[in-house]
Structures are given as structure tokens and as C-alpha cells.
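In: Got a predicted structure here, sequence first:
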Amino acid sequence: MQITIPKETHSGEDRVPIVPAVAKKLVHMGAKLMVESGMGLGCGYSDEDYSRVGAEITGDRQAALASADIVLRIRKPDITEVNQLKSGCIHISYLDPFNESELIAAFKQHGVTAISMEMIPRITRSQKMDALSSQASLAGYVAVLLAALRLPSIFPMMMTPAGTLKPAKVFIIGAGVAGLQAIATAKRLGAKVTAFDTRPVVAEQVHSLGAKFLEIDLGETGQTADGYAKELTPEQVQMQREAQKKFIADSDVVITTAQVFGRKPPVLVTKDMVEGMQHGSVIVDMAAETGGNVEGSVPNETVIVNGVNIIGQANLPNEVCRDASLMYSNNLFSLVEDNWDTEQKHFNLDLNDDVLTGCVITHKGEIVNTTIKNLKG
Ligand code: NAD
């Protein structure tokens, strides 16, 4: 089977879908690997790094896509490139399937089997394929470093002959994968960390990292079978805002990571809360690109509101693109390996498989994913 790995075209994307060490493993499995020339450059990998492990390098992107049995990439493709794929090709990448109805329609129309990395189910067997988690974890780490650099004070307490410096107070909203890594990173830097999440089960995990959990009684909240938060009612969101307000005013850094799978993130930090913070304080809105947890945050920009820095930088894993690429490559490899027929040397697409049932969106000209199909009515 030919696996094509095209170069990512999104501006500012340095991550690569497959690093050379993982390319080697794909070649060992018996795949014919076709890598677009320059694919690894963002991360410092040359064409030779890939050819050395047995990949073929091509300058003809169009031909490599047209002849692919499998395409591996990070970002969703342009529709024009979906049109170039052959029927029966398996395309694996992020797809944003809740919002990309036209793209999904194109996959369907061309008989391409589209697999969405966002839709890998959260079951034990597929943890190693879970790109949302691997990238979110790195994003949480980067968010804290960005905040630490921007804050005009230091994170740890320091007692010196020149004076005693108090530790920074960091408040993290949303303690999922990104939030927990942000808590751990801020703790390592010596900050005083408090977190809140609507899923009460998280409190124990927050405590185990040495941080405090802000108790807010919102009534019934709960989580889905996949471990995701349920959407709050407008009344609950209001209750949460009120309860957090004083705490935010007293924080040096606020990092928001709150997401509700398949929906717009909730706005949890309003303009008056931002204005209540001290000059020089920092907010990192990790949800800025998908709608924002913070009123006034701008995707990919740092804005200053009343002296408060609001960082809306997107694609935070890109700041540590080497490790992000390694982890994403391992996620992709695990997915391919798990379904690889070692004798026939091909991807065995069993739609009854628990993992594939969750993440295959289109197959043989149909939308086969129940969640996405129901979404389209
Ligand atoms: P996510 O990115 O969808 O959301 C981030 C966090 O925001 C979540 O913890 C969510 O509860 C929280 N949140 C939503 N609304 C909020 C609000 N109004 N206020 C405060 N917080 C709010 O979720 P995620 O981080 O990708 O994963 C959530 C959980 O899923 C993880 O903590 C973990 O327990 C579970 N998980 C399981 C597996 C697995 O079993 N394979 C893999 C990854 C994650």
C-alpha cells in the first residue's frame, strides 16, 4: 500500500505528521512511503532523513496524492485536494467534522474513507492514538510558559537579601488534559495554583498535582461516557462566572482551557472580570481560535485590555513542534499499525472495530459516522 505524506500548507504550521523514526517503522511494516519533498523542514528534518529510512521523496504533490492508498497529515485538506484522491483512498487527519460539512461532502462524493483524528474514541485501547490528548498536553505546557514570560513578576517565591518575592497566583479554568498539564507546569515553576472544572471527578486529580480546587456548586453537571464535560445551562454559566469573579481579580495569571466537545466553548471570563484584574496580569485563552473562553480575546494576537494582557495564540503545540510531531506521529502510527494486516500488508478497514466506528466519517460514498450523520439530519 502506498502511504503519501504531503507537506503541511497551513501558514505557521511547523509540525510534521510523520517524523523519520516513525517513517522507518511504516516502511518496516511493508508500506511504500511517498514523502513530499520538504515535508519535514519545519521541524528540521531533511529529505535525506526520510530517504535514509526507506521513503521515496517526490516533488510531484498532485501525483503522490492521486496514487495514494493512504494519506497521512495533520491539518484538514483543501477540498481541491480531496478531489484529487482516488476512490477507496484512506485519508487520516484532523477534519473538524462538526463544522466542515462541505469537506465531508467532498470525501463522500469521491468515495474516500475519511478518518478524523478528533473522533478517536476515548477507550483504553485507543489512548495511544489520541492526538487530541497528546497535543493538548503540550499546549497546556506552552500556555504556562507564554504567561510566565509575559508576566512582569516571577512565578516562584524568592527570599533574597534584596527582598522577598511572593509566588504568582495562577488560576486554571478547565482541568482536562491541557489544564492538568498547565497545573503541573505552573507548579514546577513554583506558582500558587488553583483550578476549577465542571466535572467534579477532576478535583482529586488537581489535588494530586499539589494545586487547590475551587469549589463552586453548580448543581447537576456530570460528564459524557467519553469523559467530556456536558454543556452548562445559561444559568449555570452565570453562576460559575459570579463565583469565579473575585478569584480572578486576585489572580496574576488566568489560563482558560474549557471546551465542550462538538460545541462552541463557553465564555467564562467576561469583560468586567478582565477589568477587575491588576495591570500587568496575564490571561491565556486556549480556546481563542474556536470562539474563546474570554471576552475580548483575539485569535493569534495578544491584546491589552485595561493593562491586562490577553494572549489568544493558537496552535500552541507548534511552539514545541519537534515533540508535538513525535507524539502526533506515534498517534498516527498506532492507528495504522492497529489495523494493519501483516500478511497482506494493507490497512484492514473493519467498520465494526470499536475505534474505527468512532473515527471513520465517510466510507464508500456514505457518511458512516452516526454522530456526524445525525448532525446533518
Ligand atoms: P476538553 O478539551 O473537551 O475540555 C477541557 C476541559 O474543560 C475539560 O476538563 C472540561 O470538563 C472542562 N470544562 C468544560 N466546560 C467548563 C466550564 N464551564 N468550566 C470549567 N471547565 C470546563 O476535554 P479533554 O481535556 O480533552 O478531556 C476531558 C477528560 O477526558 C480528561 O480529563 C480525561 O479524564 C478524559 N480522557 C480520557 C481518555 C481515555 O480514556 N482514553 C483520553 C483523554 C481524556
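Out: Yep, that arrived.
In: can you give me the helices for the stretch 1-150 of the chain?
Out: Per DSSP state H, counting those that start in this stretch, the stretch 1-150 of the chain carries helices over the ranges 20-28, 47-51, 61-66, 79-82, 101-109, 131-150.
In: Pick the most buried one from the ones you listed.
Out: When the helices of the stretch 1-150 of the chain are scored by mean count of other Cβ atoms under 10 Å, the highest mean neighbour count falls to helix 131-150 (a mean of 22). C-betas here are computed from N, CA, C, even on glycine.
In: Is there any residue in it that contacts the ligand?
Out: Yes - judged by Cβ under 6 Å from any ligand atom, helix 131-150 comes into contact with the ligand at 132-133, 136.
In: same question for the strand or helix carrying residue 172, mean pLDDT?
Out: Per DSSP states H and E, residue 172 falls inside strand 169-173. On average, the pLDDT along strand 169-173 is 98.
In: Could you check how many residues crowd around residue 366?
Out: If you count neighbours by other Cβ atoms under 10 Å, residue 366 ends up with 11.
In: Okay, and the beta partners of it?
Out: residue 363 (DSSP bridges).
In: hang on, it packs against residue 108?
Out: Yes - with contact defined as Cβ atoms under 8 Å, residue 366 and residue 108 form a contacting pair (6.6 Å).
In: related to what we said a few turns ago, sheet-wise, list the partners of the strand holding residue 172 with their directions.
Out: strand 192-196 (parallel), strand 253-256 (parallel).
In: Dump the last one to CSV, keeping only the CA atoms.
Out: As requested, the backbone C-alpha atoms of strand 253-256 are provided in CSV (Å, rounded to 0.1, in the frame of the first residue of the first chain):
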residue,chain,number,x,y,z
VAL,A,253,-2.4,34.6,35.7
VAL,A,254,-5.6,33.0,34.4
ILE,A,255,-5.4,30.2,31.9
THR,A,256,-8.7,29.1,30.3
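In: coming back round to it: now the angle between helix 131-150 and the strand holding residue 172, please.
Out: Put simply, strand 169-173 runs at 150 degrees to helix 131-150, going by axes from the mean of the first three to the mean of the last three Cα atoms, to 10 degrees.
In: starting at the chain centroid, how far to strand 169-173?
Out: 20 Å (Cα atoms, centre = their mean, to the nearest Å).
In: is that strand anywhere near the ligand?
Out: Yes - on the criterion Cβ under 6 Å from any ligand atom, strand 169-173 is in touch with the ligand at residue 173.
In: contacting residues around that strand?
Out: Applying Cβ atoms under 8 Å, 6 or more residues apart in numbering, the external contacts of strand 169-173 come out as 144, 147, 155, 179, 182-183, 186, 191-197, 211, 214, 244, 247-248, 250-258, 268-269, 293.
In: Let me see the residues that make contact with the next helix or strand after it.
Out: Using DSSP H and E, the helix or strand that directly follows strand 169-173 along the chain is helix 177-188. Applying Cβ under 8 Å, 6+ apart, the contact partners of helix 177-188 are 132-133, 136-141, 143-145, 155, 170, 172-173, 175, 193, 195, 197, 205-206, 209-211, 253, 255, 257, 286.
In: hang on, residue 298 packs against residue 288?
Out: Yes - if you go by Cβ under 8 Å, residue 298 and residue 288 touch, sitting 7.0 Å apart.
In: Which neighbours do those two have in common?
Out: residue 312.
In: Settle it for me: which of these two has more neighbours?
Out: Neighbour totals were compared for residue 298 and residue 288, and residue 288 leads with 23 against 15 (other Cβ under 10 Å).
In: What's the local residue count around the closest residue to the more buried one other than its chain neighbours?
Out: Closest residue to residue 288 apart from its sequence neighbours, by Cβ to Cβ, 6 or more residues apart in numbering: residue 312 at 3.4 Å. Residues lying near residue 312 (other Cβ under 10 Å) number 21.
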